[in-house]
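> Generate a structure from the sequence data that follows.
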Amino acid sequence: AKMEAASSTRRRVKLYQLSSESNWLDLGTGHVTVQYTGAEVMLEVRSETDGSVLLESNVAMCSNFAVQQTTLICWRDRDGREVALSFQEENGCAEVWRQIMQVTGSAMEAPSPTTTEVNDGASQSDTGPPAPDVAPLPDPDMGKLEEISKYFEALAKSRHELLSKFDKAARDHFFRTCEEVATQMRKQHYVDKLLEHFHACEDLEDTPGLHHLFNIFNCMITLSNNSIFELLFSQERILHVIGTQEYDPDRTEKFNYRQFLTSVVVFKEVVPFSNPDLKTMIHRTFRIQYIREVVLTNIVDDFLIGSISAIVAQHHGEIVDHIKNDDCFLVALITKLSNPGESEAVRVDCMKCLLELCRLAAGTAQELKVELHRKLCHHNIFKIVEPSLGSRNAALRTATLSVLAVLLEQEPSMRLTLVHDKIVHNVVGALAAGFKAETEPGLVKLYTTELQHIMDTQVLDSLKVPPHLRTDLLRNFYDKRIGGMLEILTIPDPNVLAVPTKRERLEYMLEFLGFCVSMHSFTARNYLNAHLVFRHVSNLFTLRSDIISLAAVRLLRTVLATKDEFYLRHLVKLDVFSPVVRCLQSNGARYNLLDSAILEVFDLIRKDNLKVVLEHLAEAHGAVLRTLTYVSTFKDLLARNEMNKDAHNAGASDAATTPKFEETRFKRDSTMAEEEENYFESDDDWNPSAHPAINAAPQPAAAPAPAGTTTPQFRPRRPLVSYEDDDDDDFVSRKRKA
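All right, here's what the predicted structure looks like:
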């Protein structure tokens, strides 16, 4: 069992893929195996959670295999995607690398014609393929800098030639050559000696020597070999290596990379780390990123950028893992943020630190990200939102909104944690109050965005939020919060367009109302109709602002798309379409965004056949719409209304000519006997004279009726429904005999 556990951890990997933005995406965690299927050799990664196949890559169809930092294997698959495996243990990486190199370097045959799994490399040679013959490095002397420059320039040139063609064997030979070169550099302390010459050339202002050293280290980096990266990017050397790239012979001015990194960039340790090595790793990672994004901007090499990005992603994961396990750091950080006695500057720095931590976690493995979020929730991360959003410091409010956005966007389950906690009402209240009071341009939209994240009922339903919590959230918002947000709409303000934040608030309020109509159907409808919000929306067209008018038209389209009869009748009752038609008239025949939006609204009314609105438009604005002939939209809309009228009239005519149910329920076939038909069609006042058989029977003498009175007719009692019993049969037979 212990051997199985060791094997499991040895082959445990994280799978990454390079995106189009040169970022490594985490595709999951699993276990890798090398399988032989006939003549094919496959790399297969299966998820450790559900056993699904995360990766199945044919080794023979891949290229650019490279091992980095003893735990990372990168390559390019047959579709041109850059893929990487990050191993948990170095031994596992070495075993899989030997198997890949044996297959690609020596064309090893499959062990059997059937699919078999290599058992952790037990049947493979531990020595691997023989190292290629590599020319020895020139001595790292000051007088041989030009020779060293030509040596590495030739290596870099051969790499570029190999990348331009598909010669797998040559590529594999080149990568093994780079490994051998890295071994020689390590044994001879090559990098350290060259850096000593670099400082000597700087002191002596030896420009040719500095240009040679620039070319040497630039070519070393472009070799994109992980072993060489380890030598160049170590904490002791990386700043000096960056210094060699300041002396580009193609530029007349010297760069000042080191001055920027040591003087301009300031690392603020707002809360001390428990692990002293963590600070060193942060500095190193930042400098590697600086090389990728600044120093190498003139180099267009996706594989090189991807290799460096893989190193950065691995370091980010280690940093997040260290901080996640440092409870003292997290407690101290959140305590400072929630302490009103702390200065605004300290709270801003702490919030920015938290924001950077959340952004680093976004690119790490899902398990690590979930664990960090769980730790933050355990330390009541959401309690800092309300006091921070109420701060007068715009930087603190911006950082707080950004942290909230990262937390809610990265992990939807954070919304579940927030909704289950009663503090959600305080957070929603702080966002609503901040939206109303925000004076900083550009921040208004962030408030409505976070409100949408929290109150997205579709996400809440997918997270299986209990119905009573969902109802409480909506009721609290519509009863206590949205009224203050709507003041920008319901209370007229002549300066609404003159103040940028007020104009933004009005625009994003209309956008947020569209969200409410879409997500909170009945709750939003009842509130908006009861408070006559759409009357205030229709008044916005008088502001003669294309941006505000466009936002109002978008809201109107969202409402019409619901096809809710209550909404439609309410809009007609408030005559919301009159200002829309006037806006269309004032816009003329100009083809702009506002014109297109209004035309889309009318086209939606026609296509969805919203009869209430169609009839209202035809009756109230038909004369105006007939004059708008630059498009066929209005002609088709009026024609659709006429079709509805014709269909209604035809239905009414059919109803008039159709016999009523009372007139047809006792109808019988025309072949029935006339007296029998008369019997069934007679009214309820039964007349014995209509039945000869009964008249023929002797009748008792009746006393004469007094003058001025009528003799009441005898009415036999009979049931509402006639059942075919024996008495009825006798009665019908007697009637027929008569």
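
> so how far is Ile488 from Arg544?
Separation of Arg544 from Ile488 (CB to CB, to the nearest Å) stands at 18 Å. (Each C-beta comes from the backbone N, C-alpha and C, glycine too.)

> Specify which residue of the two has the higher count of neighbours.
Residue environment comparison for Arg544 versus Ile488 gives the larger neighbour count to Ile488, 23 against 11, counting by other CB atoms under 10 Å.

> helices and strands around the one helix or strand the more buried one maps to, which ones?
Element membership for Ile488 (DSSP states H and E) is helix 487-490. In this structure, helix 487-490 makes packing contacts with helix 500-519, helix 533-539, judged by 3 or more CB pairs under 8 Å, 6 or more residues apart in numbering; DSSP states H and E.

> Chain neighbours aside, what residue packs nearest to Ser274?
Leaving aside its chain neighbours, Ser274 sits nearest to Asp326 (5.0 Å; criterion: CB to CB, 6 or more residues apart in numbering).

> looking at it, the one you found is touching Pro272, isn't it?
No: Asp326 is beyond contact range of Pro272, at 10.1 Å (criterion: CB atoms under 8 Å).

> phi, psi of the residue nearest to Ser274?
Reported as degrees, to the nearest 10, the phi and psi values for Asp326 are phi -100, psi 80.

> Please, where are all the strands along the stretch 201-350 of the chain?
Taking DSSP state E, counting those that start in this stretch to define them, one finds no strands in the stretch 201-350 of the chain.

> give me the low-pLDDT residue ranges for it?
Within the stretch 201-350 of the chain, no range satisfies pLDDT under 70.

> For the stretch 551-700 of the chain, which segments are assigned as helices?
With DSSP state H, counting those that start in this stretch as the criterion, the stretch 551-700 of the chain has helices at 565-573, 577-587, 593-607, 611-627, 633-657, 661-664, 674-681, 692-696.

> just the stretch 351-500 of the chain next, same as before
With helices called from DSSP H, counting those that start in this stretch, the stretch 351-500 of the chain shows them at 366-378, 385-389, 394-410, 413-420, 423-437, 444-454, 457-462, 467-476, 482-485, 487-490, 500-519.

> Sort out which residues of the longest one are buried, please.
Right, helix 500-519. Counting neighbours by 16 or more other CB atoms under 10 Å, one finds that the buried residues in helix 500-519 are 501-519.

> which helices and strands sit right next to it?
Applying 3+ CB pairs under 8 Å, 6+ apart, one finds that helix 500-519 makes contact with helix 423-437, helix 444-454, helix 482-485, helix 487-490, helix 521-530, helix 533-539, helix 546-561.

> still on that earlier bit, Asp326 and Pro272: which is more packed in?
Under the neighbour definition other CB under 10 Å, Asp326 and Pro272 were set side by side, and Asp326 has more, 18 against 10.

> distance of the more buried one from Leu232?
When CB to CB is applied, the distance between Asp326 and Leu232 equals 30 Å.

> pull the CA atoms of the helix holding Ile488 into CSV?
These are the backbone C-alpha positions of helix 487-490, laid out as CSV (Å, rounded to 0.1, in the frame of the first residue of the first chain):
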residue,chain,number,x,y,z
GLU,A,487,-33.7,59.0,-6.5
ILE,A,488,-31.5,59.9,-9.4
LEU,A,489,-34.4,58.9,-11.6
THR,A,490,-37.5,59.9,-9.6
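
> Report the buried residues of it.
Neighbour-count burial for helix 487-490 [16+ other CB under 10 Å]: Ile488, Leu489.

> Tell me where the longest strand sits in the chain.
Longest strand of the chain, by residue count under DSSP state E: strand 24-37.

> what about the spatially closest residue to Ile548 that is not a sequence neighbour, how many neighbours?
In space, not counting the residues next to it along the chain, Ile548 is nearest to Leu540; the distance is 5.3 Å by CB to CB, 6+ apart. The local packing of Leu540 (other CB under 10 Å) involves 21 other residues.

> What residues does Leu540 make contact with?
With contacts taken as CB atoms under 8 Å, 6 or more residues apart in numbering, Leu540 has the following neighbours: Leu489, Leu506, Leu510, Ile548, Ser549, Ala552.

> Greatest separation within those: which pair is it?
Leu489 and Ser549 (13.9 Å; CB to CB).

> ok, which stretches of the stretch 1-150 of the chain are strands?
Counting by DSSP E, counting those that start in this stretch, the stretch 1-150 of the chain forms strands over residues 12-18, 24-37, 40-47, 53-58, 63-68, 72-76, 82-87, 116-117, given from the N-terminal end onward.

> Dump the ones you listed to CSV, plus mean pLDDT.
Formatted as CSV, the entries for the strands of the stretch 1-150 of the chain read as follows, by pLDDT from 0 to 100:
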stretch, mean pLDDT
strand 12-18, 88
strand 24-37, 83
strand 40-47, 84
strand 53-58, 86
strand 63-68, 79
strand 72-76, 86
strand 82-87, 88
strand 116-117, 34
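
> Can you say which of those is packed in most?
Comparing these by mean neighbour count (mean count of other CB atoms under 10 Å), strand 82-87 ranks first with a mean of 24.

> That one to strand 12-18, inter-axis angle?
Between strand 82-87 and strand 12-18, the angle formed by their directions is 160 degrees, by axes from the mean of the first three to the mean of the last three CA atoms, to 10 degrees.

> What pairs with strand 82-87, parallel or antiparallel?
Its sheet considered, strand 82-87 pairs with strand 12-18 (antiparallel), strand 72-76 (antiparallel) by DSSP bridges.

> Turn the contacts of Leu540 into TSV, including pLDDT.
Converted to TSV, those look like this (pLDDT from 0 to 100):
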residue	pLDDT
Leu489	91
Leu506	94
Leu510	95
Ile548	93
Ser549	93
Ala552	95
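
> State the phi and psi torsions of Val465.
When read as degrees, to the nearest 10, the backbone of Val465 gives phi -70, psi 130.

> Now do the buried residues in stretch 523-543.
Here stretch 523-543 shows 523-525, 527-529, 533-534, 536-538, 540-541, 543 as buried, counting by 16+ other CB under 10 Å.

> which two in these are spaced the farthest apart?
The span of the buried residues of stretch 523-543, defined through CB to CB, is set by Thr523 and Leu543 at 28.7 Å.

> before we move on, back to that, what about the strands of the stretch 1-150 of the chain, which gets the closest to Val191?
For those, proximity to Val191 was assessed by CB to CB; strand 63-68 is nearest, at 17.1 Å.

> Tell me the gap between that closest one and the middle of its chain.
Centroid separation for strand 63-68 versus its chain: 33 Å, with CA atoms, centre = their mean, to the nearest Å.
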